[in-house]
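Chemist: sequence below, structure please.
(2 chains)
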Amino acid sequence: GNSVTQMEGPVTLSEEAFLTINCTYTATGYPSLFWYVQYPGEGLQLLLKATKADDKGSNKGFEATYRKETTSFHLEKGSVQVSDSAVYFCALIPNQAGTALIFGKGTTLSVSS
Amino acid sequence: EAGVVQSPRYKIIEKKQPVAFWCNPISGHNTLYWYRQNLGQGPELLIRYENEEAVDDSQLPKDRFSAERLKGVDSTLKIQPAELGDSAVYLCASSASDFQETQYFGPGTRLLVL
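Modeler: Numbering: from 1, shown residues only, chains lettered A, B, ... in the order given. Below is the predicted model of the structure:
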């Protein structure tokens, strides 16, 4: 079946530290991959996405590369800010019409100044 | 452009009581999703609508859950009767079309069943 596995949290970093949140997936075919972010008290927001192998999604300094050979989509940021504190969800849509997002469990990031 | 609107934001009820959640998607979005998010977990799909048709309700517990999307716009999700295990955040999302389009989420309704 289709599934997403994320690294366990919480992740606690100091401001300006480098961030990596690991995400691996299991899917038949060629899924589209997403990172969503949930800030405290707010709804889920799309952070970035990639729809085919070797694509790199990027937004707000965050990046993730679709690696089919390792079935991974790790989220990275070179220098985190306090405002990046949130819960990050990796998700996929299987490459077939008419399916919903399949999410990982989420990783909580806490950045201190 | 207004985002996905949900109400109420919070609801506390006694078990065995009914409860309903309402969602207004982004204007022009044909596809509407209801997800449930348990504490410490990612959201899981309950039902997906394409216009007014429920095209995927395989994960909806039909003995107590029901949903409708009249006229292909607003949607209501109902639980009757609620159980303790239904305590969760209920999320509504919409997208412009069905195939791998970006889904936009509402703020959710946090339900607590006592």
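Chemist: from here on, just use CA atoms for contacts and neighbour counts.
Modeler: Noted.
Chemist: and for stretch A:4-17, what are the contacting residues?
Modeler: A:19, A:21-26, A:78-82, A:89-92, A:102-113 (C-alpha atoms under 8 Å, 6 or more residues apart in numbering or on different chains).
Chemist: around chain A, which positions in chain B sit nearby?
Modeler: Chain B has residues B:33, B:40-45, B:48, B:98-100, B:102-108 near chain A, with proximity defined as C-alpha under 8 Å from any C-alpha of the partner chain.
Chemist: just the buried residues of these.
Modeler: Buried members of the residues of chain B next to chain A, counted by 16 or more other C-alpha atoms under 10 Å in any protein chain shown: B:33, B:42-45, B:48, B:98-100, B:102-108.
Chemist: ok so, going back, which of the contacts of stretch A:4-17 fall in strands?
Modeler: Among the contacts of stretch A:4-17, the ones falling in strands (DSSP state E) are A:19, A:21, A:23-26, A:89-92, A:102-103, A:107-112.
Chemist: can you list the weak-confidence ranges in the chain?
Modeler: You didn't say which chain, so I picked chain A. A:96-98 (pLDDT under 70).
Chemist: was after chain B, sorry
Modeler: Applying pLDDT under 70 to chain B picks out residues B:1, B:98-100.
Chemist: tell me the bridge partners for the residue nearest to the spatial centre of it.
Modeler: The C-alpha lying nearest the average C-alpha coordinate of chain B belongs to B:Trp34 (C-alpha atoms, centre = their mean; 3.1 Å). Judged by DSSP bridges, the bridge partners of B:Trp34 are B:Ile47, B:Cys92.
Chemist: pretty sure it contacts B:Pro43?
Modeler: No - assessed by C-alpha atoms under 8 Å, B:Trp34 is found out of contact with B:Pro43, at 9.4 Å.
Chemist: overlap of the contact sets of the two?
Modeler: Common neighbours of B:Trp34 and B:Pro43 are listed as B:Leu91 (criterion: C-alpha under 8 Å, 6+ apart).
Chemist: for A:Val80, see how far away A:Ser110 is.
Modeler: Counting by C-alpha to C-alpha, to the nearest Å, the gap from A:Ser110 to A:Val80 is 10 Å.
Chemist: check A:Asn2 too.
Modeler: From A:Asn2 across to A:Val80, the span is 31 Å (C-alpha to C-alpha).
Chemist: compare those two (neighbour count), which wins?
Modeler: Between A:Asn2 and A:Val80, A:Val80 has the larger neighbour count (other C-alpha atoms under 10 Å in any protein chain shown), namely 22 against 13.
Chemist: let me see the contact set for that one.
Modeler: A:Val80 neighbours (C-alpha under 8 Å, 6+ apart): A:Ser14, A:Glu15, A:Glu16, A:Ala17, A:Phe18, A:Leu19, A:Val111.
Chemist: could you redo the last one with a cut-off of 6 Å?
Modeler: For A:Val80, the contact set (C-alpha atoms under 6 Å, 6 or more residues apart in numbering or on different chains) comprises A:Glu15, A:Glu16, A:Ala17.
Chemist: format those residues as TSV; extra columns: neighbour count.
Modeler: As requested, those are exported to TSV (neighbours: other C-alpha atoms under 10 Å in any protein chain shown):
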residue	neighbour count
A:Glu15	16
A:Glu16	15
A:Ala17	14
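Chemist: out of the buried ones among the residues of chain B next to chain A, who's nearest B:Asp74?
Modeler: Each of those was checked against B:Asp74 using C-alpha to C-alpha; the closest is B:Tyr33, at 11.2 Å.
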